[in-house]
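Peer 1: using only what follows, build the 3D model:
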Amino acid sequence: MQNGSQGTYMLRECVVKGSDNTGNGTLAISVRTADAVKHYRLEWDGSQYTFATDTFPSVQALVDHFDSCPTVGSQGVRTRLAYPYPRVVNEFASYETVSP
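Peer 2: Here you go, the predicted structure:
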(Lines give C-alpha, C1' and ligand atoms only; values in the text may rest on other atoms or scores of the structure.)
Protein backbone atom coordinates (compact mmCIF):
# COMPACT_ATOMS: atom_id res chain seq x y z
CA MET A 1 0.00 0.00 0.00
CA GLN A 2 2.95 2.31 0.51
CA ASN A 3 3.24 2.82 -3.25
CA GLY A 4 -0.53 2.90 -3.84
CA SER A 5 -2.58 5.89 -4.92
CA GLN A 6 -4.15 8.23 -2.43
CA GLY A 7 -7.50 6.71 -1.43
CA THR A 8 -6.39 3.07 -1.69
CA TYR A 9 -7.78 1.14 1.27
CA MET A 10 -7.63 -2.35 2.75
CA LEU A 11 -9.88 -4.02 5.32
CA ARG A 12 -8.55 -6.82 7.52
CA GLU A 13 -9.22 -8.60 10.77
CA CYS A 14 -7.86 -6.61 13.69
CA VAL A 15 -5.61 -8.63 15.99
CA VAL A 16 -3.99 -6.95 18.97
CA LYS A 17 -0.95 -8.63 20.51
CA GLY A 18 -1.72 -10.04 23.93
CA SER A 19 -5.47 -9.70 23.38
CA ASP A 20 -8.11 -12.34 22.82
CA ASN A 21 -10.18 -10.38 20.29
CA THR A 22 -9.63 -12.74 17.34
CA GLY A 23 -12.89 -13.57 15.61
CA ASN A 24 -15.01 -10.98 17.43
CA GLY A 25 -15.67 -8.98 14.26
CA THR A 26 -13.32 -6.09 15.01
CA LEU A 27 -11.67 -4.92 11.80
CA ALA A 28 -8.90 -2.55 10.85
CA ILE A 29 -8.91 -0.34 7.80
CA SER A 30 -5.67 0.94 6.31
CA VAL A 31 -5.89 3.99 4.05
CA ARG A 32 -3.24 5.48 1.77
CA THR A 33 -3.30 9.23 2.36
CA ALA A 34 -1.30 11.92 0.59
CA ASP A 35 1.91 11.12 2.46
CA ALA A 36 1.40 8.01 4.62
CA VAL A 37 -0.62 4.88 5.27
CA LYS A 38 -3.00 5.40 8.21
CA HIS A 39 -4.59 2.58 10.22
CA TYR A 40 -7.97 2.79 11.94
CA ARG A 41 -9.91 0.35 14.09
CA LEU A 42 -13.54 -0.55 13.34
CA GLU A 43 -15.27 -1.87 16.46
CA TRP A 44 -18.10 -4.42 16.04
CA ASP A 45 -20.72 -4.67 18.79
CA GLY A 46 -22.74 -7.49 17.25
CA SER A 47 -25.05 -5.26 15.23
CA GLN A 48 -23.00 -2.34 13.89
CA TYR A 49 -19.49 -1.06 13.25
CA THR A 50 -18.20 2.03 15.04
CA PHE A 51 -15.56 4.25 13.47
CA ALA A 52 -14.67 7.22 15.70
CA THR A 53 -18.13 8.58 16.61
CA ASP A 54 -19.98 7.25 13.54
CA THR A 55 -21.84 3.93 13.39
CA PHE A 56 -22.61 1.81 10.33
CA PRO A 57 -24.77 -1.32 9.91
CA SER A 58 -22.22 -2.91 7.57
CA VAL A 59 -18.73 -2.52 6.16
CA GLN A 60 -20.26 -1.65 2.78
CA ALA A 61 -22.22 1.21 4.37
CA LEU A 62 -18.99 2.54 5.92
CA VAL A 63 -17.10 2.33 2.61
CA ASP A 64 -19.99 3.99 0.73
CA HIS A 65 -20.11 6.81 3.29
CA PHE A 66 -16.37 7.55 3.15
CA ASP A 67 -16.35 7.27 -0.65
CA SER A 68 -18.69 10.27 -0.84
CA CYS A 69 -17.63 12.01 2.42
CA PRO A 70 -13.84 12.06 2.67
CA THR A 71 -12.30 11.37 6.05
CA VAL A 72 -9.43 13.38 7.47
CA GLY A 73 -6.10 11.86 6.51
CA SER A 74 -2.71 13.22 7.38
CA GLN A 75 -1.91 16.91 7.80
CA GLY A 76 -5.57 17.85 7.37
CA VAL A 77 -5.77 16.58 3.78
CA ARG A 78 -9.09 14.82 3.31
CA THR A 79 -8.97 11.36 1.75
CA ARG A 80 -11.88 9.38 0.34
CA LEU A 81 -11.99 5.58 0.16
CA ALA A 82 -11.62 5.24 -3.59
CA TYR A 83 -9.62 2.13 -4.50
CA PRO A 84 -9.87 -1.23 -2.74
CA TYR A 85 -6.44 -2.82 -2.39
CA PRO A 86 -6.38 -6.07 -4.43
CA ARG A 87 -6.64 -9.38 -2.55
CA VAL A 88 -3.97 -10.87 -4.76
CA VAL A 89 -0.87 -8.87 -5.60
CA ASN A 90 1.23 -10.25 -8.42
CA GLU A 91 4.86 -10.43 -7.43
CA PHE A 92 7.73 -10.65 -9.87
CA ALA A 93 9.02 -14.17 -10.40
CA SER A 94 12.57 -12.89 -10.05
CA TYR A 95 14.28 -9.68 -9.14
CA GLU A 96 17.36 -8.03 -10.52
CA THR A 97 20.52 -8.35 -8.47
CA VAL A 98 21.39 -5.15 -6.68
CA SER A 99 25.09 -4.53 -6.23
CA PRO A 100 26.55 -2.30 -3.51
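Peer 1: per-residue pLDDT, Thr26?
Peer 2: pLDDT, Thr26: 85.
Peer 1: need the contact list for it.
Peer 2: 13-14, 41-44 (Cβ atoms under 8 Å, 6 or more residues apart in numbering). Quick note: C-beta positions are derived from backbone N, CA and C, even for glycine.
Peer 1: which among those residues end up buried?
Peer 2: Buried members of the contacts of Thr26, scored by 16 or more other Cβ atoms under 10 Å, are 14, 42.
Peer 1: farthest pair within the contacts of Thr26?
Peer 2: Pairwise distances across these peak at 12.9 Å for Glu13 and Glu43 (criterion: Cβ to Cβ).
Peer 1: hmm, Arg80 and Ser68 touching each other?
Peer 2: Yes. When contacts are counted by Cβ atoms under 8 Å, Ser68 is listed as touching Arg80 (7.4 Å).
Peer 1: among the contacts of Thr26, find the lowest-pLDDT one for me.
Peer 2: Among the contacts of Thr26, Cys14 carries the weakest pLDDT, at 82.
Peer 1: pretty sure that one is touching Trp44, no?
Peer 2: No. Cys14 is beyond contact range of Trp44, at 9.3 Å (criterion: Cβ under 8 Å).
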